[in-house]
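K.L.:
Show me how the following folds:
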Amino acid sequence: MIAILAVVAVIALLVMGRISAKGQAPGLVDGRLTRCPEKPNCICSEYREDSAHHIDSLVFSEQSANSDRARIAAIITESGGVITIEQADYIAATFTSPMFGFVDDLEIRFDIGAGLIHFRSASRVGYGDLGANRKRVELIQLRFMQGYTNN
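P.N.:
Below you'll find the predicted structure:
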C-alpha cells in the first residue's frame, strides 16, 4: 500500500512539472513586476510592504545600465537559467528543477529613474518551494555585487 502511494505521489509530481512547463512569466503590470500571490513560493522586491515575500533590490547607476544588464543576463545563464525575454529594462528567465521538471520564473526590472534592479522569482505550480526562489535571487545578487564577469 505504501509503495502504491509513493508511485502515485511521484506521478503527481511529474504531472505538475509538465503543467508548469506550459506557463509563462506574468510580466509587468503598469510598468512594475507582478505582486506575489499569498503562497510562500514567490519573492519580489517591488513591494516593500509585503514583508512575507519581500527581498531587497540592488542599486545601479544609469551609466552602467547596459553593462549591468549584460552581467545579470550572464549570471542567469551561468546559474542554469534560460532567458526568454531580454529588453532594455526587463529580463524574464526560467529555471527548471532537475528531478520533476518544475519551472520557476525569474523576472528582473531595471528601474532607471530610481537606479534599482528589482527581482521577482516564483514557482509556477504548487504552494511551497523550500526557499528555492529566495536562494536563487540571493545568489544572483551576491554574484552581481562581487563584480561577476563572464571572462
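K.L.:
can you tell me the average pLDDT over the strand or helix carrying Gln141?
P.N.:
Taking DSSP states H and E as the criterion, Gln141 maps to helix 132-145. Along helix 132-145, the predicted local confidence has a mean pLDDT of 96.
K.L.:
what element comes up after the helix or strand of the chain with the lowest mean pLDDT heading to the C-terminus?
P.N.:
The helix or strand with the lowest mean pLDDT-type score in the chain, counting by mean pLDDT, DSSP states H and E, is helix 2-20 (a mean of 66). Stepping forward along the backbone from helix 2-20, the first helix or strand reached (DSSP H and E) is strand 28-29.
K.L.:
Same question for the residue nearest to the spatial centre of the chain, what's its three-state structure.
P.N.:
With distances taken as CA atoms, centre = their mean, the residue of the chain nearest its centroid is Leu106 (2.2 Å). Following DSSP: H, G, I helix; E, B strand; the rest coil, we place Leu106 in the strand state.
K.L.:
Check whether it really touches Gly81, as I assumed.
P.N.:
Yes: here Leu106 lies in contact with Gly81, judged by CB atoms under 8 Å, at a distance of 6.2 Å. To be clear about C-beta, it is placed using only N, CA and C from the backbone, and glycine gets the same treatment.
K.L.:
Common neighbours of the two, please.
P.N.:
Counting by CB atoms under 8 Å, 6 or more residues apart in numbering, the common neighbours of Leu106 and Gly81 are Ala93, Thr94, Phe95.
K.L.:
Dump those residues to TSV, plus pLDDT and secondary structure.
P.N.:
Formatted as TSV, the entries for those read as follows, by pLDDT from 0 to 100; DSSP: H, G, I helix; E, B strand; the rest coil:
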residue	pLDDT	secondary structure
Ala93	98	strand
Thr94	97	strand
Phe95	96	strand
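K.L.:
With that, I have no additional questions.
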